[in-house]
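Novice: Just need the structure, nothing else, for what follows:
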Amino acid sequence: MITKTAKLGDLVQIARGGSPRPIKSFLTNSEDGINWIKIGDTEQGGKYIFTTKEKITQSGLAKSRYVKEGDFLLSNSMSFGRPYILRTSGCIHDGWLVLSNYEKSFDMNFLYYLLSSNMVQNQFQKLARGTTVRNLNIDLVSNVSVTFPSISEQQEIAKKIDNIFSEIDDLIKFAQNNSANSNNLIRRIIPYIIKKYSSTKLQTSIGNAFSLSSGKFLPRKEMCSNGSINVFGGNGIAGKHDTYNLKGENIIIGRVGAKCGNVHHVKEKLWLTDNAMFLHSFKYEFSLEFLALILSQLNLGQYARQSAQPVISFSSIKDVLISFPKDINEQKEIVKVVLEAKNITEFLFETYKLKCENYQALKSLTISKELSKVQKVS
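Specialist: Numbering: from 1, shown residues only. As a prediction, the model looks like this:
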């Protein structure tokens, strides 16, 4: 294998994007608009950019930089120095660098793996170190040293990495599926746990089991950062306050908002706003921890009335049926078993999550291993 070593700037054309300002004045929904490519258009761990969420006007083109399919983009923030291959065309802002006209020196896939490699990424980090703001610029990227073989040998290397990546992606997909399954497992097994540990089970409606009342209005300006009491609203904790309207143990159900129907089992003093409800006047003996568990299973948000924002009320959920063991000791035993099951499923979730992270790390090792052979030859 015959290799060459050269500066990246001598092998490809490097340019910076440009941002028409103020950008809002140049955004458009017109069919003749030009794709406006942003970091938000990338997928985590993705290789390509296929589509954009926004477009700019034709007049914005003169103040930006046009890039075409097959060009490489290097991110200048967030995923610092991360390469992406364009599968579309459009304009880029000054947070991107574009690499083009590389075809005489590089196979596209080989260049992607080369730019992704620790050998190049470490140079990005080293060259950017010490600057006031850590970012990539044309001079920095131009001075990165790369070693590469002929294009035909590049293609062989890239193909081998592609094949290994395909196998790793299968492992990642398997782990992700198992992670999702373990995360949803507890919801599916709770009904079986309740059935197993219930000697005498009752079924009744929410309205027949207890009553629900809203909290009290609290102006936003009265919430204080130095308060000691949690304020609960429709979507959960909404701030702090210096006094309370509920104390002891309570079950709270969000009444208004995107998360209406969410259930909280709270044991401390709190201020409850009128965007949430609390349970009271129980007609059966309940372990509140158990009751919170079964109410969470019901997805009460599905009964929301859709207006300016989703809203549920006592009247909208009072006919929903709940099933529970009559014996409060059995209720407590169910909670104990469910918590043990949750610990197991959370362990499984974290295990599969770690597997995915390890498989992603294996991709970097694969690139380093295959490209190190090129470096040794040189």
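
Novice: give me the low-pLDDT residue ranges for the chain?
Specialist: Within the chain, the stretches with pLDDT under 70 are 77-79, 129-134, 376-378.

Novice: Please parse it into its domains.
Specialist: 4-147, 200-326 (automatic domain parsing).

Novice: Tell me the gap between the first one and the middle of its chain.
Specialist: Okay, so that is domain 4-147. Chain-centre distance of domain 4-147: 23 Å, with Cα atoms, centre = their mean, to the nearest Å.

Novice: do the same with the shortest one
Specialist: Shown here is domain 200-326, whose average C-alpha point lies 27 Å from the average C-alpha point of the whole chain (Cα atoms, centre = their mean).

Novice: Just the strands from the stretch 1-150 of the chain, written as ranges.
Specialist: Secondary structure of the stretch 1-150 of the chain, counting by DSSP state E, counting those that start in this stretch: strands at 4-7, 13-16, 27-28, 34-37, 48-49, 54-56, 65-67, 72-75, 83-86, 90-92, 96-100, 145-148.

Novice: right, and those - which one's nearest Tyr284?
Specialist: When the strands of the stretch 1-150 of the chain are compared for distance to Tyr284 using Cβ to Cβ, the nearest one is strand 54-56, at 54.8 Å. Every residue, glycine included, has its C-beta placed from N, CA and C.

Novice: how about the helices of the stretch 251-378 of the chain, start to end?
Specialist: With DSSP state H, counting those that start in this stretch as the criterion, the stretch 251-378 of the chain has helices at 288-297, 314-317, 328-377.

Novice: got the contact list for the first one?
Specialist: If I follow you right, that is helix 288-297. Applying Cβ atoms under 8 Å, 6 or more residues apart in numbering, the contact partners of helix 288-297 are 187, 190-191, 194, 249-251, 253, 262-265, 279, 322-324, 331-332, 334-335, 338.

Novice: Buried only: go through those for me.
Specialist: Buried members of these, scored by 16 or more other Cβ atoms under 10 Å, are 190, 194, 250-251, 253, 262-265, 279, 322, 324, 331, 334-335, 338.

Novice: Compute the distance between Ile193 and Ile206, please.
Specialist: Separation of Ile193 from Ile206 (Cβ to Cβ, to the nearest Å) stands at 21 Å.

Novice: Ok, Ser182 next?
Specialist: Distance, Ser182 to Ile206, by Cβ to Cβ: 30 Å.
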